[in-house]
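*Asks:* Sequence and predicted structure, then a few things I'm wondering about:
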Amino acid sequence: MTTPTLDLEGLTRRFGATAAVDGVTLTVPAGQMLGIIGRSGAGKSTLLRLVNRLVEPSAGRIVYGGRDITRLRGRALRDWRRDCAMVFQQFNLVQRLDVLTNVLLGRLAHQHGWRRALVLLASAFTPAERAMALATLERFGLLEVALQRAETLSGGQQQRVALCRALLQQPRLVLADEPIASLDPANARAVMEALREMNRARGLTVLVNLHHLDTAQAYCDRILALQAGRVVFDGSPGALDAARIGAIYGMSEEEFAAESAASVEAAQTRPTLA
Ligand SMILES: Nc1ncnc2c1ncn2[C@@H]1O[C@H](COP(=O)(O)OP(=O)(O)OP(=O)(O)O)[C@@H](O)[C@H]1O
């Protein structure tokens, strides 16, 4: 399935005196995997949250396939949020539920009102939905853990379950906010490969916030670097070398990576949703 172009036009979000995202103008073609990098506080999370309208813009527009997303309300806004699957650093699985049910929760994006409550309470997913969930788990090498509680899985497995849940939502875009920041290198690789496979096999547009330049270079078609909410680099992975990083951020690539790792550790000590 191909997806239409995503256009951000002068997108801005201010929090008091801080411009978290400041006049970002960008066209993301259908099926592109865009890596977004930047120091802590550069505006990466806010940018993703603007795209699915979890955060409202102070100025500018989001346009998808020619439709002004910024103006959507009510049902149309809910449908847009269903079209944008979010993936979080902390996976956000329901730990005490089994893997299969966690994946099926992605289908709830297609239900509203009392139907949603019914499906949730009675676990009333259809046989077709269950088959879809099992096939997705199999594709990601997770079939044998389908009936285990989420809490028994490694971080890398949990994040791949979260990707399966995102796929069950049948989104057009995937917005992944630091999806590998809490993972060791082997698990991080497995998750990035799964994300890349979703992008390639399904033609899904992926926007992924990453702390490490080398990861963005290895997996993404294009890199966007932010600083204080502004785009300071937008181009091919090969064009962003150590010298360019030094010029943009005033630090070496190693310092950039070390600072990012420190900010991840700080984030892990903050309370998160289960
Ligand atoms: N809800 C909010 N209220 C006030 N300020 C906010 C809010 N959300 C973000 N900010 C501010 O906006 C700026 C950008 O934050 P954002 O979380 O988008 O950056 P980030 O690049 O994702 O950082 P990190 O890598 O640490 O997650 C920061 O100065 C932050 O303090």
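*Replies:* Here it is on my side, so go on. Residues are numbered from 1 along each chain as shown.

*Asks:* what's Val231 sitting at in phi/psi?
*Replies:* The phi/psi pair for Val231 (degrees, to the nearest 10) reads phi -80, psi 120.

*Asks:* Return the distance of it relative to Glu197.
*Replies:* Noted for Val231: a distance of 28 Å to Glu197, by Cβ to Cβ, to the nearest Å. In short, each C-beta sits where N, CA and C put it, glycine included.

*Asks:* Between these two, tell me which one has more neighbours.
*Replies:* Val231 (20 against 14; other Cβ atoms under 10 Å).

*Asks:* which residues touch that one?
*Replies:* Contacts of Val231 were listed using Cβ atoms under 8 Å, 6 or more residues apart in numbering, and they are 24-26, 224-225.

*Asks:* how does it look with 6 Å?
*Replies:* When contacts are counted by Cβ atoms under 6 Å, 6 or more residues apart in numbering, Val231 touches Val24.

*Asks:* again, but for the one 3 residues further on
*Replies:* If a contact means Cβ under 6 Å, 6+ apart, then Asp234 has Leu224 as its contacts.

*Asks:* List the beta-bridge partners for it.
*Replies:* Judged by DSSP bridges, the bridge partners of Asp234 are Leu224.

*Asks:* Show the model's pLDDT score for it.
*Replies:* Predicted confidence (pLDDT) for Asp234: 96.

*Asks:* So it versus Ala216, what's the distance?
*Replies:* According to Cβ to Cβ, Asp234 stands 12 Å off from Ala216.

*Asks:* Ok, Ala247 next?
*Replies:* Separation of Ala247 from Ala216 (Cβ to Cβ): 17 Å.

*Asks:* Pick out whichever of those two has more residues nearby.
*Replies:* Between Ala247 and Ala216, counted using other Cβ under 10 Å, Ala216 has the larger neighbour count: 24 against 11.

*Asks:* Can you name the residues that contact the more buried one?
*Replies:* By Cβ under 6 Å, 6+ apart, the contact list for Ala216 reads 35, 37, 210, 223.

*Asks:* if I pick the last one, what's in contact with it?
*Replies:* This points to Ile223. Shown in contact with Ile223 (Cβ under 6 Å, 6+ apart): 35, 216, 237, 240.

*Asks:* what's the burial count for the residue nearest to Thr70 when sequence neighbours are not counted?
*Replies:* Closest residue to Thr70 apart from its sequence neighbours, by Cβ to Cβ, 6 or more residues apart in numbering: Arg61 at 4.8 Å. Applying other Cβ under 10 Å, we find 15 residues neighbouring Arg61.

*Asks:* From the ligand, how far out is Arg61?
*Replies:* According to Cβ to the nearest ligand atom, to the nearest Å, Arg61 and the ligand sit 19 Å apart.

*Asks:* burial count for Lys28?
*Replies:* Not quite, residue 28 is Val, not Lys. Neighbours around Val28, by other Cβ under 10 Å: 22.

*Asks:* ignore the last one, Ala146
*Replies:* Using other Cβ under 10 Å: Ala146 sits among 18 other residues.

*Asks:* could you measure it against Val208, distance?
*Replies:* From Ala146 across to Val208, the span is 26 Å (Cβ to Cβ).

*Asks:* circling back: show me which residues of the helix or strand that contains the residue nearest to Thr70 are buried.
*Replies:* Take DSSP states H and E as the rule and Arg61 turns out to sit in strand 59-64. Within strand 59-64, the residues that count as buried by 16 or more other Cβ atoms under 10 Å are 60, 62-64.

*Asks:* ok, back up a step: of the contacts of Ile223, which belong to strands?
*Replies:* Among the contacts of Ile223, the members falling in strands (DSSP state E) are Gly35.

*Asks:* Most neighbours among the contacts of Ile223, which one is it?
*Replies:* Each of those was scored by neighbours using other Cβ under 10 Å; the highest score is Gly35's, at 26 neighbours.

*Asks:* got the contact list for whichever strand or helix holds Leu77?
*Replies:* Assessed by DSSP H and E, Leu77 sits inside helix 74-83. Residues outside helix 74-83 that contact it (Cβ under 6 Å, 6+ apart) are 52, 69, 72, 109, 171-172.

*Asks:* Much appreciated, bye for now.
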